[in-house]
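K.L.:
generate coordinates for the sequence data below:
(one chain, ligands or ions: 1)
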Amino acid sequence: MSEAFVTPGEATLSAGQYDDMVRSAHSQTEAFWLQQSRRLTWQTPPSQASRSDFLNDVRIDWYADGFLNASENCLDRHVATHPDKTALIWEGQDDGQREVLSYRALHARVCRLANVLRRLGVKKGDCVAIHLPMVAEGIIAMLACARIGAIHVVLFGGFSAEGLAERLTDSAAVVVLTADVARRGDKRIPSKTTMDDAITRCGGASRVRHVVVVPVTGASVPMQAGRDLRYEDEVAREAEECPAERMNAQDPLFLLYTSGSTGRPKGLVHSTGGYLTWAAFTHAVVFDHKADDIFWCTADTSWITGHTYVVYGPLANGGTIMVYEGLPSWPEPGRWWDVIDRNGVTVFYTSPTVVRAAMREDDTVVRSRSLKSLRILGTVGEPISPEAWHWFHDEVGKGRCAVVDTWWQTETGGVMITAAAGCVVPRPGAASRPLPGVEAVLLDAQGTEITGAGEGLLCMARSWPGQAMSIWQDHERFRQTYFTTCPGYYFTGDGARREEDGYYWITGRVDDVVNVSGHRIGTAEIEDAVATDHEVVESAAVGIPHDLKGQGLVVFVVPREQGVFDPEAVNRAIAAGVGRYAVPEKIYVVRDLPKTRSGKIVRRLLRKIAAHDLEGLGDLSTLADPEIVDELIATVKAQES
Ligand code: WTA
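P.N.:
Model (predicted):
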């Protein structure tokens, strides 16, 4: 280990023990994963680890004869050993709003809600949608679903009514939990009325029988008699005990929608046994989990990071989680540093976007805070530049903390490539090394494995317990999306470079997914939304480098009539079809798009033109109309000013 980057105190695993784990996971895979599954408490322990197959129809198969309940693993077993230990510390965005829940108290609240859901007729295997900001009830709702075997579908508060409707219809959710009104700094987000609108848009396709409204701000909202229920009234009627459903390891724990390069958002299906094993294993190993940690993952629960490292990983391991409702710099810069100091946060896991925004503030903001409780810092969602890495290490970690960049995806369930704290020497800017049992490979364009140093498509040669099992109701799409580009491998959609000694550097998506502030946005979703405007002939969305957000979204639009078209219409269509979070940086109104003779839009060119990167545009002779390129360059320049 390099002196500069060691974890303070004793890491639970030594670097040598970690290397042993890597070796045994590689050579005795089945036994290794059976052993890791024992981090959980099983009603019936599994006798086998994996029977997964990346060929044929593709089968992701983990712990198939095991039975367990995820909420029992996150609650009951800790109530049995340390009922008074703090499970969850919640702070609201207004001063003085704070709640501390012991494992006993969290268990009781989860059981009450689980009983409500059962009374409302929610059955094992039904989907329940959760549309809540960062309040304790969001986490309680996830665990309550898990308790009764319902599949939770957490929906981002920033989705438009149309975006919500699409996901409600696809999942066939029977009950929805929503906020009255959510808040983000000064802004108020009308969660309930947006949800009402979404359900109306579902029309006959809606399976929603009840909407349970959580009072986040206490605002008065319209309630539909018979359908809409008040959370506080409902839970008050129920007991604090609720028997947990016996679940097969392969039963879905949740669906989570994410964006791909084509088509509508897809609901990735995560299993109960494999996913939870992966959540517990990675949380313990990557963040060197210790019993007295206060673990703060700042992700919203509507993203996979929130599922695995706000909720399931730390709670499965009996840890204490910090949940904060508000923004990093509201009402003033340094708000999150105060949350760390006030609550003694020991592990702080956030995104490079947050680090970059903090870097832009005056250094006195971070220097005026103690931050002495911190032990480990982490980032996820996009590459962190060496510069931002060092700032995070020096200014937030005060040079005392391990910094772990973690590469992973919605599809992987948890961290895959990282410099596990105290075990692997980090290299600033690199994702670093695959975790034990992660068989990462690089393939060239012909699908051949690259050995040693090189750059190529990042794939996985073997399944791991956290791997998503399927796409909801569409296994064929799952197979097509992830297992046909490189047959026999799971294809991540990312490119990567590997050094001679096995360190990985992620070079970014190789497909048409744009990563804005760590949020995946599919260009197809944007284009579909823009197409709802009848004045638009066609459009193309691309990502360009952005200082703060990592990538910014740019849309080229070809209107029916030049001169009269209002580009604001594009923003409105995207806000309505996807959500305000996806509104682009820039819209260029153009006459045509660069296309191949077969009519395929050449996005590579649009990316370069939008980024003003005009070197090496490549061979333009394959374009149907090569002249369009100069015209686009001129248009972009003209519309820039
Ligand atoms: C990108 C988030 C570089 C990557 C957990 C991946 C990263 C996509 C990193 C998944 C990282 C995530 N370094 N790139 N540390 N972490 N990515 O599904 O392109 O929201 O494919 O999961 O984010 O985004 P998702």
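K.L.:
from here on, just use CA atoms for contacts and neighbour counts.
P.N.:
Fine.
K.L.:
how about low-confidence regions in the stretch 151-300 of the chain?
P.N.:
Counting by pLDDT under 70, the stretch 151-300 of the chain shows low-confidence ranges at 261.
K.L.:
got the CA coordinates for stretch 491-499 in CSV?
P.N.:
C-alpha atoms of stretch 491-499 as CSV (Å, rounded to 0.1, in the frame of the first residue of the first chain):
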residue,chain,number,x,y,z
PHE,A,491,-21.7,-6.4,-22.4
THR,A,492,-21.8,-3.3,-20.2
GLY,A,493,-22.2,-0.7,-22.9
ASP,A,494,-18.9,1.0,-21.6
GLY,A,495,-15.5,1.1,-23.1
ALA,A,496,-12.4,0.8,-20.9
ARG,A,497,-8.6,0.8,-20.9
ARG,A,498,-6.6,-1.6,-18.9
GLU,A,499,-3.0,-1.1,-17.7
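K.L.:
quick one: mean pLDDT over it.
P.N.:
The average pLDDT within stretch 491-499 is 96.
K.L.:
how far away is the residue nearest to E162 when sequence neighbours are not counted from the ligand?
P.N.:
Computed as C-alpha to C-alpha, 6 or more residues apart in numbering, the closest residue to E162 that is not its neighbour in sequence is G577, at 5.4 Å. To the ligand, G577 is 20 Å away according to C-alpha to the nearest ligand atom, to the nearest Å.
K.L.:
for G577, give me its contacts.
P.N.:
S160, A161, E162, G163, I526, A529 (C-alpha atoms under 8 Å, 6 or more residues apart in numbering).
K.L.:
what's the neighbour count on the second one?
P.N.:
Residue neighbour count, defined by other C-alpha atoms under 10 Å, stands at 24 for A161.
K.L.:
cool, the fifth one as well?
P.N.:
Using other C-alpha under 10 Å, the number of residues around I526 comes to 26.
K.L.:
what about it, is that helix, strand or coil?
P.N.:
Following DSSP: H, G, I helix; E, B strand; the rest coil, we place I526 in the helix state.
K.L.:
same check, this time on the third one
P.N.:
At E162, secondary structure determined by three-state DSSP is helix.
K.L.:
quick one: it and G203 touch, right?
P.N.:
No: here E162 lies out of contact with G203, judged by C-alpha atoms under 8 Å, at a distance of 11.9 Å.
K.L.:
which residue packs closest to L255, ignoring adjacent ones?
P.N.:
V269 (4.7 Å).
K.L.:
mind listing what the one you found touches?
P.N.:
The contact partners of V269, taken as C-alpha under 8 Å, 6+ apart, are P252, L253, F254, L255, L256, A468, M469, S470, I471, W472.
K.L.:
quick one: least confident helix or strand in this protein?
P.N.:
strand 519-522 (a mean of 89; mean pLDDT, DSSP states H and E).
K.L.:
is that one in proximity to the ligand?
P.N.:
Yes: applying C-alpha under 6 Å from any ligand atom, one finds strand 519-522 touching the ligand at H519, R520.
K.L.:
and that strand, which strands flank it?
P.N.:
Strand 519-522 has its sheet partners listed here by DSSP bridges as strand 513-516 (antiparallel).
K.L.:
ok, A15 to the ligand distance?
P.N.:
A15 is 21 Å from the ligand, by C-alpha to the nearest ligand atom.
K.L.:
residues near D619, how many?
P.N.:
The local packing of D619 (other C-alpha under 10 Å) involves 8 other residues.
K.L.:
in the longest helix along the chain, which residues are buried?
P.N.:
If you go by DSSP state H, the chain has its longest helix at helix 103-119. Across helix 103-119, burial judged by 16 or more other C-alpha atoms under 10 Å covers 103-118.
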